[in-house]
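Chemist: Mind looking at a prediction? Sequence and model below.
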Amino acid sequence: MNCMTILAQAVDPATEPPVPAEETIVPIDEIWEHITSLNLIEALTFISFGVVCIFYGWRVFKVLVIISFAFLGLILGITIAGKVGGENREFFGALVGVVALGVLAVPLMRWAVSILGAIAGGLITSGIWYACGLNESYIWAGAITGIVAGGMISFIIFKIAVMLFSSLGGSVLMVVGTLALLYLYPATTEDVEQLFFNHKWFLPIALIVPTAIGILVQNKFIKGSKNWNI
């Protein structure tokens, strides 16, 4: 089955039955649970850090890269240790993963930024796929397209990778914090929940718009900063 056939099946509902709720690829319920678990202070902290990343991620991108890779190491460490040694070794695995990938990101900074740029590209294109209501079974096709495109652009133009991943990361923090804040107030709780679950375009658009704004603003700041060293 080639890529054109996959796209045709994804676009044409008649060629492929809808994905049952239990087979949904995007963990929308889990995402909502994480959002609604935040308290007021946590929501405001997310928004604050998100705004900083969106507008000034280019200034602190090295720190953001180290934090991102340390977090990735945390996930990998817990996953691997849980499968190999059981739950009692998850802490040790998490600690090793955080230190290993966090330290490794320092000498391989340019490669790390490019990898994060590729991941950001994959998240954006898979978000667009989801927003368009295409078959979630083939969302990986949209993700791979973004990963390849984002990776190629990131390796060619380094500053684009910096702006892309820092803007998207800041957008995620800001949107999560904003939704959590709105959910905490009874007047907006129901409206936010309906938007989140009933309109597939809502979450991707809410993430992509601030990301695009962040890229434009950061690009302007970078051009005006003669001492910025990539």
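Modeler: Alright, I've got the coordinates.
Chemist: Every contact and neighbour count from this point should use C-alpha atoms.
Modeler: Fine.
Chemist: how about low-confidence regions in this protein?
Modeler: Applying pLDDT under 70 to the chain picks out residues 1-23, 85-88, 226-230.
Chemist: where do the helices sit along it?
Modeler: Assignment of helices within the chain using DSSP state H yields the ranges 3-11, 28-36, 40-56, 61-84, 90-104, 109-131, 139-156, 158-184, 186-198, 202-223.
Chemist: Can you lay out these as a markdown table showing mean neighbour count?
Modeler: As requested, the helices of the chain are exported to a markdown table (neighbours: other CA atoms under 10 Å):
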| stretch | mean neighbour count |
| --- | --- |
| helix 3-11 | 14 |
| helix 28-36 | 13 |
| helix 40-56 | 20 |
| helix 61-84 | 19 |
| helix 90-104 | 19 |
| helix 109-131 | 23 |
| helix 139-156 | 19 |
| helix 158-184 | 25 |
| helix 186-198 | 13 |
| helix 202-223 | 18 |
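Chemist: then stretch 184-198 to PDB, C-alphas only?
Modeler: Extracted in PDB, the C-alpha atoms of stretch 184-198 (Å, rounded to 0.1, in the frame of the first residue of the first chain):
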ATOM      1  CA  LEU A 184     -10.900  26.100  37.400                       C
ATOM      2  CA  TYR A 185     -13.700  28.700  37.000                       C
ATOM      3  CA  PRO A 186     -17.300  27.400  36.900                       C
ATOM      4  CA  ALA A 187     -18.400  30.000  34.400                       C
ATOM      5  CA  THR A 188     -16.000  28.600  31.700                       C
ATOM      6  CA  THR A 189     -15.600  25.000  32.700                       C
ATOM      7  CA  GLU A 190     -18.300  23.500  30.500                       C
ATOM      8  CA  ASP A 191     -17.500  25.700  27.500                       C
ATOM      9  CA  VAL A 192     -13.800  24.700  27.500                       C
ATOM     10  CA  GLU A 193     -14.600  21.000  27.900                       C
ATOM     11  CA  GLN A 194     -17.000  21.100  25.000                       C
ATOM     12  CA  LEU A 195     -14.500  22.800  22.800                       C
ATOM     13  CA  PHE A 196     -11.800  20.400  23.700                       C
ATOM     14  CA  PHE A 197     -13.800  17.200  23.100                       C
ATOM     15  CA  ASN A 198     -16.300  18.200  20.400                       C
END
